[in-house]
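Q: Let's see this in three dimensions:
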Amino acid sequence: MLSGQNAVDPVTQEIIEGKLVATVDEMGIVMARTSMSPVIYEVLDFACGLLTRDGELVAQMNGITLFTGTFGVQVKALIAQFGEQLADGDVLLTNDPYAGGTHACDFAIVKPLFVDGEILAYAINVAHYLDVGGSVPGSLAPNATSVFQEGLRLPGVKVMRADAFCDEILHVIAANVRMPEMALGDLNAQIATVRVAGRRMAELAAKYGADVVEAAFAHLLATSEASARAAILALPDGVYTATDVIDGDGVTDAPIEVRVTITIAADQIVADFTGCPPAVAGPINCARGALQSAVKTIVKALIDPQAPSNEGWFRPLDVVCPPGTVFTAELPSPTGWYYEGSVHASELLWKALAPLQPGRFSAGSYSSLCVVYISGRDETGMPFIHIEPQHGGWGATPDEDGAGALIALTDGDTYNYSVEVIEARFPLRVRRYALNVEGGSGAGRRRGGFGIIREYEVLSTEASAYASFGRTKTLPWGVDGGAEGTANRLEIERHAGGLDVHGRIAHLDLARNDILRIVTGGGGGWGDPKERERPRIEQDLRDGRVTRDVALEIYGYEEAAS
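A: I've put the predicted structure just below:
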């Protein structure tokens, strides 16, 4: 095989590709074992990757799905910013949403990897920091109207020079966040990962030569591009459209109507978001880098969901959207809850393509990460901030019921906390963790998956919370006669009496023994519920997932006479 002027034999190509995957996986292991924030080492809210000298992704670990699609945009922005000013031993930091990033809480650490005085590749680690300052603990005010309320932004700085920390930058970070020791600990963990990548790429170049490694990069990207074009060419040409509604922006409850038009022609895909509204006042906007990543997620699922990802797969893709929309926000629009907006970009494509590839794209899901921030002080007076994404119900496909208690589309290989970790680290007691069967899911020949119910009892005398839930009014869609799914909601059961129900809420004072209950919805159904087979209905009855009344009313199930 040839790439440029350098030949790479097939065995060497396979070894180099395996080394790339092994390297990003090793980076992930180092990050999980050395970070200080439970949102990183328990939830795994981070991702790692390797890119060419031109900023094209060649390998990524299975981390946060939405991060990995931003890697190339962020690195290319840094290359444009620094030009020839990069030297061996430099490590860069950026968390700028408008330069390929997501929100200020996601710190990208990037290291140019030099071999013989020339950049061979870049290593990147993007991780969610528990707090980066701003107006509220955790930095993600659901009612923020400006990015300047969302914490510290460092749009491309050198955090290390000649392998030594730039103390001024560390002082700036420590002075602007609520938990400086944790933030600097996570920064050290990120830097350890990109240093690992540097060692591994140096080993690879020493064994095969930098020119052969670069040729292998080029061949990997070209092969993936060819595979993508072949997969797209096998699809029917056509125009596929979808519309959806985002339930408020955190400042108002007004519905936000969004749309996409997907054009498949020969071996090209164009995703056009023209017609989407301008950036809204609240922080559910996302910037262009997050939009592109959201689209890449779905295109990869369409053309080859199992193959390792790299930028070659997306060369046949064009994402069109005017600047300044809810999906292409610009300074100073807030983007703190960007994933609540970007997931709708992903789901628009998902919804449009479901009829084209029903085996891969289900009916609608609960979508929102249903994140709640709980903060305050524990019994020793120390501050705490608890954050975790929640799982929910996904939609059915023509052949299978929807997945229950699965993480939302944007989040990839992430988790929620184990009960033991929550109760050990925070003044909280988990009272209940169960499938939300009483809330139900979308009925159909194949029903939607079930959401979850997760209850926290507050054990602190000083605590508050805030949250931003989507799909509280606009339900997950059904397909081909299947019913819509069910809604997400946050409930506060007051110890003193009373029950509050919320979706996006900027502040909740919590008293000791109050119950905070997260309820996620069920996915949409597929097909006529009356066509559901008796064995499936009976299994759901045995499992306690439907009642006999529901089985009769919705599915027309009647018990056989004895």
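Q: all contacts plus neighbour counts: C-alpha atoms, from now on.
A: Will do.
Q: can you pull the contacts of Val319?
A: Residues in contact with Val319 (CA atoms under 8 Å, 6 or more residues apart in numbering) are 270-273, 292, 295.
Q: Provide the secondary structure category for it.
A: With DSSP: H, G, I helix; E, B strand; the rest coil as the basis, Val319 sits in strand.
Q: For the remainder of this discussion, apply numbering that starts at 661.
A: Okay, residue one is now 661; in that scheme the one you just asked about reads as Val979.
Q: Next, please give the residue ranges for the helices of this protein.
A: Applying DSSP state H to the chain gives helices spanning 670-694, 698-701, 725-728, 731-742, 827-836, 840-868, 870-893, 948-963, 998-1013, 1079-1085, 1194-1203, 1208-1215.
Q: Next, format the ones you listed as a markdown table and append mean pLDDT.
A: Shown next, in a markdown table, are those (pLDDT from 0 to 100):
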| stretch | mean pLDDT |
| --- | --- |
| helix 670-694 | 97 |
| helix 698-701 | 93 |
| helix 725-728 | 80 |
| helix 731-742 | 97 |
| helix 827-836 | 98 |
| helix 840-868 | 98 |
| helix 870-893 | 98 |
| helix 948-963 | 95 |
| helix 998-1013 | 96 |
| helix 1079-1085 | 94 |
| helix 1194-1203 | 96 |
| helix 1208-1215 | 95 |
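Q: which of those sits most buried?
A: Highest mean neighbour count among the helices of the chain (mean count of other CA atoms under 10 Å): helix 725-728, with a mean of 28.
Q: So which elements touch that helix?
A: In terms of contacts (3 or more CA pairs under 8 Å, 6 or more residues apart in numbering; DSSP states H and E), helix 725-728 is packed against strand 706-712, helix 948-963.
Q: Make CSV from the helices of the chain and add distance to His1162 to it.
A: Formatted as CSV, the helices of the chain follow (distance: least, CA to CA, whole Å):
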stretch, distance to His1162
helix 670-694, 33
helix 698-701, 24
helix 725-728, 26
helix 731-742, 34
helix 827-836, 30
helix 840-868, 31
helix 870-893, 43
helix 948-963, 27
helix 998-1013, 16
helix 1079-1085, 23
helix 1194-1203, 30
helix 1208-1215, 27
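Q: which one of the helices and strands packed on helix 725-728 lies closest to Asp1038?
A: Nearest to Asp1038 among the helices and strands packed on helix 725-728 is strand 706-712 (26.9 Å), distances taken as CA to CA.
Q: about what we covered before: who wins for proximity to Phe727 among the helices and strands packed on helix 725-728?
A: Short answer: strand 706-712, nearest of those by CA to CA, at 6.5 Å.
Q: who does that closest one pair up with?
A: strand 717-720 (antiparallel), strand 778-788 (antiparallel) (DSSP bridges).
Q: how about JSON lines for those, with mean pLDDT, distance to Gly1099 and mean neighbour count added?
A: Listed next are the strands paired with strand 706-712 as JSON lines, based on pLDDT from 0 to 100; distance: least, CA to CA, whole Å; neighbours: other CA atoms under 10 Å:
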{"stretch": "strand 717-720", "mean pLDDT": "97", "distance to Gly1099": "37", "mean neighbour count": "28"}
{"stretch": "strand 778-788", "mean pLDDT": "97", "distance to Gly1099": "31", "mean neighbour count": "25"}
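Q: Nearest spatial neighbour of Thr853, chain-adjacent residues omitted?
A: Met687 (4.7 Å; CA to CA, 6 or more residues apart in numbering).
Q: my read: that neighbour touches Gly858, true?
A: No: using CA atoms under 8 Å, Met687 is not in contact with Gly858, being 10.5 Å away.
Q: For the residue nearest to Thr853, list the residues it contacts.
A: Met687 touches 708, 853-854, 856-857, counting by CA under 8 Å, 6+ apart.
Q: out of those, who's nearest Lys960?
A: Checking these against Lys960 with CA to CA, the nearest one is Cys708 at 18.1 Å.
Q: What's opposite the closest residue to that closest one other than its chain neighbours in the beta bridge?
A: When the adjacent residues along the chain are set aside, Cys708 lies closest to Asn785, with 4.4 Å between them (CA to CA, 6+ apart). Beta-bridge partners recorded for Asn785 (DSSP bridges): Cys708, Ile769.
Q: Could I get the contacting residues of Asn785?
A: The contact partners of Asn785, by CA under 8 Å, 6+ apart, come to 706-709, 768-770, 850, 853-854.
Q: repeat that for 6 Å
A: 707-708, 768-769 (CA atoms under 6 Å, 6 or more residues apart in numbering).
Q: Next, find the distance separating it from Ile724.
A: Computed as CA to CA, to the nearest Å, the Asn785 to Ile724 distance reads 11 Å.
Q: which residues do these two both contact?
A: Ala707.
Q: just to revisit the earlier point, right, so of the helices and strands packed on helix 725-728, which gets closest to Met1042?
A: Met1042 lies closest to strand 706-712 among these, at 25.8 Å (CA to CA).
Q: got the angle between the closest one and helix 870-893?
A: Relative orientation of strand 706-712 versus helix 870-893 (axes from the mean of the first three to the mean of the last three CA atoms, to 10 degrees): 110 degrees.
Q: Output strand 706-712 as PDB, restricted to C-alpha atoms.
A: Backbone C-alpha positions of strand 706-712 (Å, rounded to 0.1, in the frame of the first residue of the first chain) are rendered in PDB as follows:
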ATOM      1  CA  PHE A 706     -13.600  12.700  29.600                       C
ATOM      2  CA  ALA A 707     -12.100  11.500  26.300                       C
ATOM      3  CA  CYS A 708      -8.600  11.100  24.800                       C
ATOM      4  CA  GLY A 709      -7.400  11.100  21.200                       C
ATOM      5  CA  LEU A 710      -4.500  11.300  18.800                       C
ATOM      6  CA  LEU A 711      -4.400  13.600  15.700                       C
ATOM      7  CA  THR A 712      -2.000  14.200  12.800                       C
END
